[in-house]
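> What would the 3D arrangement of this be:
(chains A and B)
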There are 2 protein chains.
Amino acid sequence: MKADLDRLMAERDIDAAVVSGTVTGNPIMYYMTNGARLHLHSVVVKPAGRPAVLACRPMEREEAAKSGLTTVSLAQFDPLRLQEEAGSVLGGMVLLYQKLLEQLEVGGRVAFYGELDQGKSFSFLNELQASTPGLTVVGEYEDSIFDLAQLTKDRSEIERMREVGRRTAAAMQAAIEFVQSHRVKNETLIKDDSCPLTVGDVKRAVLRKLFGLELEDPEGMIFAIGRDAGVPHSAGNADDPLRLGEPIVFDLFPREAGGGYFHDMTRTFSLGYARPEVQETYDQVKLCCERVVSALEVDQLGSTYQNLACDIFEELGHETIRADPQAESGYVHSLGHGVGLEIHSRPRLSGSEINTDRLVPGSVFSIEPGLYYPEKGYGVRLEDLWTVDESGQFHCLTEFPKELVVPMDA
Amino acid sequence: MKADLDRLMAERDIDAAVVSGTVTGNPIMYYMTNGARLHLHSVVVKPAGRPAVLACRPMEREEAAKSGLTTVSLAQFDPLRLQEEAGSVLGGMVLLYQKLLEQLEVGGRVAFYGELDQGKSFSFLNELQASTPGLTVVGEYEDSIFDLAQLTKDRSEIERMREVGRRTAAAMQAAIEFVQSHRVKNETLIKDDSCPLTVGDVKRAVLRKLFGLELEDPEGMIFAIGRDAGVPHSAGNADDPLRLGEPIVFDLFPREAGGGYFHDMTRTFSLGYARPEVQETYDQVKLCCERVVSALEVDQLGSTYQNLACDIFEELGHETIRADPQAESGYVHSLGHGVGLEIHSRPRLSGSEINTDRLVPGSVFSIEPGLYYPEKGYGVRLEDLWTVDESGQFHCLTEFPKELVVPMDA
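Okay, here's the model as predicted:
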């Protein structure tokens, strides 16, 4: 959690962390500014052992103040004059950062974070380092201080995420009721205008519900039928009609409206009835969920559970990504991933030897086994979010039943 | 436009452009993949003179295909094995890119783009360059090929942006009608429950309308009253009640739902009546709009118009950012900016000598003069989007009247 930053910086001998960019689409800026709405390039400087400072443009000073951080004005350095002095936008930006870091008495090993164009970052940070005596630019690629700080959430973050989970489950329930409210004709769901109910219709209804629940869907939900359900990240085809007995993978991963924490849950449904092979596969995936959950232990490696899921599915005769990294049917992805201000974060529940992430108190992560048979026209995935508390107890943040068949009136 | 990329690459001696990351929050990836919904790290490689290729994970192959690009699988290189071979995630990523570039027969001067963590980009691109014989990493900071390609839009992009403008104007009209539908008591607007109508209520109503129009508000609208209206990027205080005679700056900049093109427009309103000083300031800002618009010439420098706006406001006795870069009252920002897949893009209408952007056929940009007097409790801004066609004619994409006073029933 955020309180770990000073310890993490000390461990890596980092003298200051600089986070920059706008806030939208920039989770570490959101994290450090507490979601302040900054539309222009702003800079958070967190010196080791001292509070973070937010440097922004004067026209955003009111929004910057909402961060709760001490703010300073970037205009005091007259950025346009610096550009003219340097003869380039890049040179002007280097001078601006030099002046800001100097004012804040920051030097030594300074690590940079935040979402910006990669080519610009390459040029800017190399130039800043080359032209600033005493500055060493640190670019943490793996296990950055923010990766590790965000690997655990504090109580208020967990409470926020629990609440997002409640609302996400309510949206999924509303989706089922919306689907159930339709008539069936020739095995196809029909709207009042006698046209087939489509994936696009359902997604629009879910978006309306999410909106009412003050959630947004920046990444775009998955509502994939039949063969599409057999391809894990196929979002589904808007024109596809809903038909009885066709398995549907519904993966919903909304975020608090206006930016904030994500939830991530998946259910697989079959309307009216289920084909026997789909029901059998569903039961196997559900069994995998249950066996993984009952094996959960605090401080255990995330990779342990990917290996357990592979063991379970291989025993049942399925191909896995462990046996064949290029597999496109069977169990073809990782068991889960951390969730927070990003939809894919830490801890990882992947099987790589490189993955040393552990399930520690304050972690929030998905458990989402699945089996995919696109050539047979189906796939099944079930996903809940889980967290571990300080006493080592695991809690599910996704309170929603796992039932394959959605009853439809005859 | 996109068709310019090969020419721009040739001019800079770039052998290939690499764009990477996910698509959400990554406008250049959106641009190159035509908005394909890729949730995992994917890579577009555009070799000079050859079509772009999209490399993705197999589980996203269906979404990748929607880009219309030729796709290749990243799994063929077995990324987890590469990580283990290299002994680190960074090393594995370097090997993965080396293999991909080798397969696509790409080397020489390779430029990198796309929104990623700046520290990771610094480490990754330096390591990739150091360990790949024959590769020179190019990081374009200013006037990148994508800055310049996106500086002009083709006809289908302009048509999309015109349509977003129509819907944005409809949302603003709906907001006015929503406000007007309320009763007034003691100069304050009142809801059915006799509580004051607040900024938060209006924003929620606008979000509902945007949602119905298939628009989203990723950056968060500005609806700022009184003193807040005097601070350009103050978003407004959700609890503030709406009162007669208090000026409101309403800046609305939504985007096509699910990602895509933005619109950007601002109106200033005063409910029921306007204070004389506010009306006078409003008339001055409107005059500035009109004089700038009547001075527009194709191929002219954007900075010309910022200087014109400063001339106009200084003549009228206002402070400007040109006279004092730290000014916090008067005219305190640039005249405008390009709009497209990003809310702030090119061409710039700022006054810096560094700014050599020109208004060329296919440009889309805002014209948004404003005057700000926070200490007097008001600010005024008016903003429309404009474009230039191939014959050099300017067209306004924001069809909405400019009237300060919103009549309220007595």
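
> ok, which stretches of chain A are helices?
Using DSSP state H, the helices of chain A run over residues A:5-11, A:27-33, A:61-65, A:79-86, A:89-103, A:118-131, A:145-150, A:155-180, A:199-212, A:276-295, A:302-315.

> Buried deepest among the ones you listed, which one?
Mean neighbour count (mean count of other CB atoms under 10 Å in any protein chain shown) peaks for helix A:27-33 among the helices of chain A, with a mean of 24. C-beta here means a position set from N, CA and C on the backbone, and glycine is covered the same way.

> what comes into contact with that one?
A:2, A:19-23, A:38, A:42, A:44, A:46, A:52, A:54, A:64, A:67, A:69, A:113-115, A:146, A:150, A:259-260, A:340-342, B:117 (CB atoms under 8 Å, 6 or more residues apart in numbering or on different chains).

> Ok, stretch A:8-18 next?
Under CB under 8 Å, 6+ apart, the answer for stretch A:8-18 is A:5, A:43-48, A:97, A:101, A:104, A:106-113, A:138, A:140, A:145-146, A:148-149.

> go on, stretch A:299-318?
Contacts for stretch A:299-318 (CB under 8 Å, 6+ apart): A:284, A:287-288, A:291-292, A:295-296, A:320-323, A:330-331, A:334-336, A:347-353, A:355-360, A:365, A:367, A:369, A:371, A:392.

> Low-confidence stretches in chain A?
A:410 (pLDDT under 70).

> May I see the domains of it written out as residue ranges?
With domains defined by automatic domain parsing, chain A comprises A:2-149, A:151-406.

> end to end, how far does the last one reach?
Read that as domain A:151-406. 36 Å (CA to CA, to the nearest Å).

> ditto for stretch A:29-47
End residues of stretch A:29-47 are separated by 16 Å (CA to CA).

> How about that stretch, which residues are buried there?
A:29-33, A:35-47 (16 or more other CB atoms under 10 Å in any protein chain shown).

> Can you tell me which of the contacts of helix A:27-33 are classed as buried?
Buried among these (16+ other CB under 10 Å): A:2, A:19-23, A:38, A:42, A:44, A:46, A:52, A:54, A:64, A:67, A:69, A:113-115, A:146, A:150, A:259-260, A:340-342, B:117.

> taking those one by one, which sit in strands?
A:Val19, A:Ser20, A:Gly21, A:Ser42, A:Val44, A:Lys46, A:Leu54, A:Tyr113, A:Glu115, B:Asp117 (DSSP state E).

> I'd say the fifth one and A:Ala64 touch.
No: A:Val44 is not in contact with A:Ala64 according to CB atoms under 8 Å; the separation is 10.1 Å.

> Can you check which residues contact both of the two?
Contacts common to A:Val44 and A:Ala64, judged by CB under 8 Å, 6+ apart, are A:Thr33, A:Leu54.

> Which of the contacts of stretch A:299-318 fall within strands?
A:Gly336, A:Pro347, A:Arg348, A:Leu349, A:Phe365, A:Ile367, A:Leu371.

> so which of these comes closest to chain B?
If you rank these by distance to chain B using CB to the nearest CB, A:Arg348 comes first, at 10.1 Å.

> What residues of stretch A:244-257 count as buried?
For stretch A:244-257, by 16+ other CB under 10 Å, it's A:244, A:246-257.

> quick revisit: save the ones in strands among the buried ones among the contacts of helix A:27-33 as CSV, and put in distance to B:Leu271 too.
Below are those laid out as CSV (distance: CB to CB, whole Å):
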residue, distance to B:Leu271
A:Val19, 40
A:Ser20, 39
A:Gly21, 37
A:Ser42, 33
A:Val44, 38
A:Lys46, 43
A:Leu54, 34
A:Tyr113, 44
A:Glu115, 39
B:Asp117, 45
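
> can you tell me which two in those residues are farthest apart?
Largest separation among these by CB to CB: A:Leu54 and B:Asp117, giving 19.0 Å.

> Tell me which residues touch A:Gly370, please.
So, once contact is read as CB under 8 Å, 6+ apart, A:Gly370 ends up touching A:Pro232, A:Val249, A:Thr266, A:Val285, A:Tyr331, A:Val332, A:His333, A:Gly379, A:Val380, A:Arg381, A:Leu382.

> nearest to B:His182, of the domains of chain A?
By CB to CB (comparing all of the domains of chain A), the closest turns out to be domain A:151-406, at 21.7 Å.

> Enumerate every residue touching A:Gly108.
A:Asp15, A:Ala16, A:Gly134, A:Leu135, A:Thr136 are the contacts of A:Gly108 under CB under 8 Å, 6+ apart.

> now the residue nearest in space to the middle of chain A, nearest residue through space, not along the chain?
With distances taken as CA atoms, centre = their mean, A:Ile343 lies nearest the centre of chain A, 0.7 Å away. Leaving aside its sequence neighbours, A:Ile343 sits nearest to A:Phe262 (CB to CB, 6 or more residues apart in numbering or on different chains; 4.9 Å).

> how much space between that neighbour and A:Gly230?
25 Å (CB to CB, to the nearest Å).

> A:Arg7 too?
45 Å.

> B:Lys209: which of the domains of chain A is closest?
Here domain A:151-406 is closest among those (CB to CB), at 11.2 Å.

> Now do the closest one: distance to the chain's middle.
Remark: domain A:151-406 is offset 13 Å from the chain centroid, using CA atoms, centre = their mean, to the nearest Å.

> Which positions in the stretch 301-410 of chain A make contact with chain B?
Selection of the stretch 301-410 of chain A residues close to chain B by CB under 8 Å from any CB of the partner chain yields A:Pro325, A:Gln326, A:Glu328, A:Val332, A:His333, A:Ile343, A:His344, A:Ser350, A:Gly351, A:Ser352, A:Glu353, A:Ile354.

> Excluding chain neighbours, what is closest to the third one?
Same thing as A:Glu328. A:Glu328 sits nearest to B:Pro58 (CB to CB, 6+ apart), 5.5 Å away.

> neighbours around that neighbour, how many?
22 (other CB atoms under 10 Å in any protein chain shown).

> Output stretch A:178-190 as PDB - backbone C-alpha positions only.
Presented in PDB, the C-alpha positions along stretch A:178-190 are these (Å, rounded to 0.1, in the frame of the first residue of the first chain):
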ATOM      1  CA  PHE A 178     -33.100  -8.500 -19.100                       C
ATOM      2  CA  VAL A 179     -32.400 -11.600 -21.200                       C
ATOM      3  CA  GLN A 180     -35.100 -13.600 -19.300                       C
ATOM      4  CA  SER A 181     -37.700 -10.900 -20.100                       C
ATOM      5  CA  HIS A 182     -37.700 -11.800 -23.700                       C
ATOM      6  CA  ARG A 183     -39.900 -14.300 -25.600                       C
ATOM      7  CA  VAL A 184     -38.500 -17.300 -27.400                       C
ATOM      8  CA  LYS A 185     -39.400 -18.300 -30.900                       C
ATOM      9  CA  ASN A 186     -37.700 -21.100 -32.800                       C
ATOM     10  CA  GLU A 187     -35.000 -21.300 -30.100                       C
ATOM     11  CA  THR A 188     -34.200 -17.600 -30.700                       C
ATOM     12  CA  LEU A 189     -34.900 -14.800 -28.200                       C
ATOM     13  CA  ILE A 190     -37.200 -12.200 -29.700                       C
END
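
> which residues touch it?
Residues contacting stretch A:178-190 (CB under 8 Å, 6+ apart): A:191, A:196-197, A:202, A:205-206, A:209, A:241-245, A:271-272, A:406-410.

> Can you flag which of those belong to strands?
Filtering the contacts of stretch A:178-190 for strands - DSSP E - leaves A:Leu271, A:Val406.

> distance of whatever residue of chain A ends up closest to chain B from A:Gly114?
Closest residue of chain A to chain B, CB to the nearest CB: A:Gly25 (3.1 Å). For A:Gly25, the distance to A:Gly114 equals 10 Å [CB to CB].

> can you check A:Glu277 too?
48 Å.

> And for A:Glu280?
48 Å.

> got the contact list for the closest residue to A:Tyr97 other than its chain neighbours?
Excluding the flanking residues, the one nearest A:Tyr97 by CB to CB, 6+ apart is A:Leu128, at 5.9 Å. The contact partners of A:Leu128, taken as CB under 8 Å, 6+ apart, are A:Val94, A:Tyr97, A:Gln98, A:Leu135, A:Val137.
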